[in-house]
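Asks: Sequence first, predicted model second:
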Amino acid sequence: MRQAPSESVSPEAERSASGARGNESASARSARVRVGRTGRPHRKQVVELKLNAGQRLLFYLMVGLIHLLSLLPDFLLYPIGIAVGWLTFLLDKRHVSIGMRNLAIAFPERSEAERRRILRASYVNLGRSGAEYVRLAGFFAKRFRRKVSYHRFEYWAEIQRRYPGKGVLVLSAHFGNFELLLAAHALHGHQISLVHHTQRFLAGDALMSFVRERAGVRIIRKHAAARAVLKALREGELVGIPFDQNAKRSEAVFVPFFNEIAATSSGLARLAALSGAPVAPVFIVRQPDQRSHVIEIHDEIPLQRSADAEADVIENTRRFVRAIETIVRRYPEQFLWMHRRYRTRPRREDPPIYDA
């Protein structure tokens with residue numbers, strides 16, 4: 001794993017318009033003041049979840065439990081998270097099998113022992129992320145501003161000058177500590193919206209939404225997303241879209257991810273075409289000390305814009321997926337390998353990738 005880039009902007013430099021200005025470039029100062037700031041109070045999610053009495057009770061119990069656990073000091077919380085990650089790796093046979101299949105597709109040149117080591121590290125990363133989620137969801141959440149820094153924060157100002165009034169579509173993935181990526185950006189005072197697919201476990205979904213909104217993230221639920229995303233982009237906001245999950249056949253295009261064709265949502269490419277907004281890959285990378293993180297802001301992805309709209313959707317989706325593959329190749333231990341990424345096959349009669 002790599003050290004944080006030397007030009008990372010520290011969280012302290014982002015805390016206020018007056019703090020540490022002598023150490024920042026003019027473009028970084030401009031970005032901090034303007035990016036994601038609309039001059040309006042934070043807006044809650046577009047569609048509220050409706051919980052019955054039992055789900056609501058479970059939600060409150062989970063919130064209480066997380067706040068109780070967050071009273072534990074970090075020197076206890078992190079080892080507990082690591083232990084849970086190890087234990088889950090040992091006991092979760094189904095998802096270990098899925099992860100090993102995905103790793104065999106992604107890294108056929110590596111030995112099975114090396115792929116198992118990567119998967120084990122991915123589970124441990126998930127355990128650490130769980131410990132950090134307890135802290136984020138409970139008491140002392142704001143301390144994460146000290147643990148997360150930026151690489152190329154000034155790029156937001158550059159891209160905003162290039163596309164005035166267009167907003168930015170932020171391409172990301174379930175990588176590093178994904179929950180912390182959005183929350184940390186919001187905790188630094190920068191409005192960001194997230195396109196979120198409602199989970200079947202509604203009490204858990206409500207907890208996730210509660211934590212994100214408390215940090216300052218606006219939730220846009222997927223079934224009501226297009227209009228809300230376009231509106232947010234017209235208002236110059238950042239809209240985050242996780243882009244590494246299997247898509248339903250009805251909304252998918254099939255593009256390569258590592259060494260296999262994967263069903264991928266066409267929605268991001270269509271939103272980019274409709275809005276004219278740039279698509280910038282952004283990922284949060286856990287650092288070698290395992291406690292700090294760097295938000296890496298990459299160059300916008302050049303989009304194909306031709307007379308053939310459907311060909312553009314396929315080609316641009318391919319470019320988006322390739323950006324995720326690039327970061328995963330750099331840090332494979334930080335990717336969520338346990339998802340059935342290749343579940344939907346190009347043709348219904350194609351043999352399944354997974355046993356279950």
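Replies: In hand now; what should we look at?

Asks: Now for the protein, the helix or strand with the poorest mean pLDDT.
Replies: Across the helices and strands of the chain, the lowest-confidence element by mean pLDDT, DSSP states H and E is helix 26-34, at a mean of 33.

Asks: so what secondary structure elements neighbour the lengthiest helix in the chain?
Replies: Taking DSSP state H as the criterion, the chain has its longest helix at helix 112-137. Here helix 112-137 touches helix 53-69, helix 74-91, helix 93-106, helix 178-187, helix 202-215, going by 3 or more CB pairs under 8 Å, 6 or more residues apart in numbering; DSSP states H and E. Glycine gets a C-beta too; all of them are placed from N, C-alpha and C.

Asks: Quick one: mean pLDDT over that helix.
Replies: With pLDDT averaged residue by residue, helix 112-137 scores 97.

Asks: tilt between it and helix 53-69?
Replies: Helix 112-137 runs at 100 degrees relative to helix 53-69, counting by axes from the mean of the first three to the mean of the last three CA atoms, to 10 degrees.

Asks: which parts of helix 112-137 are buried?
Replies: Using 16 or more other CB atoms under 10 Å as the test for burial, helix 112-137 gives 115-116, 118-137.

Asks: what ranges do the helices span in the stretch 251-356 of the chain?
Replies: Per DSSP state H, counting those that start in this stretch, the stretch 251-356 of the chain carries helices over the ranges 267-275, 309-330.

Asks: Take these and write them to JSON lines, including distance to R56.
Replies: Output for the helices of the stretch 251-356 of the chain, formatted as JSON lines (distance: least, CB to CB, whole Å):
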{"stretch": "helix 267-275", "distance to R56": "31"}
{"stretch": "helix 309-330", "distance to R56": "36"}
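
Asks: To N259, which of the ones you listed lies closest?
Replies: Closest approach to N259 among those (CB to CB): helix 309-330, 9.9 Å.

Asks: partners of the lengthiest strand in the chain, with directions?
Replies: Taking DSSP state E as the criterion, the chain has its longest strand at strand 279-286. Sheet pairing of strand 279-286 (DSSP bridges) gives strand 168-172 (parallel), strand 293-297 (antiparallel).

Asks: Check which helices and strands the helix or strand that comes right after the longest helix of the chain is in contact with.
Replies: Going down the chain from helix 112-137, the next helix or strand is strand 148-151, by DSSP states H and E. Where contact means 3+ CB pairs under 8 Å, 6+ apart, strand 148-151 is packed against helix 11-14, strand 293-297.

Asks: Going by mean pLDDT, which of the ones you listed comes out lowest?
Replies: Among these, helix 11-14 scores lowest, at a mean of 40.

Asks: got any ranges where the stretch 101-250 of the chain has weak pLDDT?
Replies: Filtered on pLDDT under 70, the stretch 101-250 of the chain yields the residue ranges 223-224.

Asks: The same query, at a cut-off of 80, please.
Replies: Along the stretch 101-250 of the chain, segments meeting pLDDT under 80 span 189, 191, 222-225.

Asks: now do the stretch 251-356 of the chain
Replies: With pLDDT under 80 as the threshold, the stretch 251-356 of the chain has low-confidence stretches at 356.

Asks: Of all the strands paired with strand 279-286, which one is nearest A184?
Replies: Nearest to A184, of all the strands paired with strand 279-286, is strand 293-297, at 6.8 Å by CB to CB.

Asks: what does the closest one contact?
Replies: 4-5, 8, 147-153, 155-156, 176-177, 180-181, 184-185, 280, 282-287, 327 (CB atoms under 8 Å, 6 or more residues apart in numbering).

Asks: residues touching L136, list them.
Replies: Residues near L136 by CB under 8 Å, 6+ apart: 144, 179-180, 183, 211, 215.

Asks: For R270, see how far away E235 is.
Replies: Counting by CB to CB, to the nearest Å, the separation of E235 from R270 is 20 Å.

Asks: The two: who's more crowded?
Replies: Neighbours were counted for E235 and for R270 using other CB atoms under 10 Å; R270 has more, 17 against 14.

Asks: And the residue nearest to that one when sequence neighbours are not counted, how far from E251?
Replies: Counting by CB to CB, 6 or more residues apart in numbering, V313 is the residue found nearest to R270 once chain neighbours are left out, at 6.2 Å. Distance of V313 to E251, computed by CB to CB: 11 Å.

Asks: Count the neighbours of A226 for me.
Replies: By the measure other CB under 10 Å, the count of residues near A226 is 16.

Asks: Pretty sure it sits in a helix.
Replies: Yes. Counting by DSSP: H, G, I helix; E, B strand; the rest coil, A226 falls inside a helix.

Asks: How about the contacts made by it?
Replies: Contacts of A226 (CB under 8 Å, 6+ apart): 267, 271.

Asks: measure it to P281 for me?
Replies: According to CB to CB, A226 stands 21 Å off from P281.
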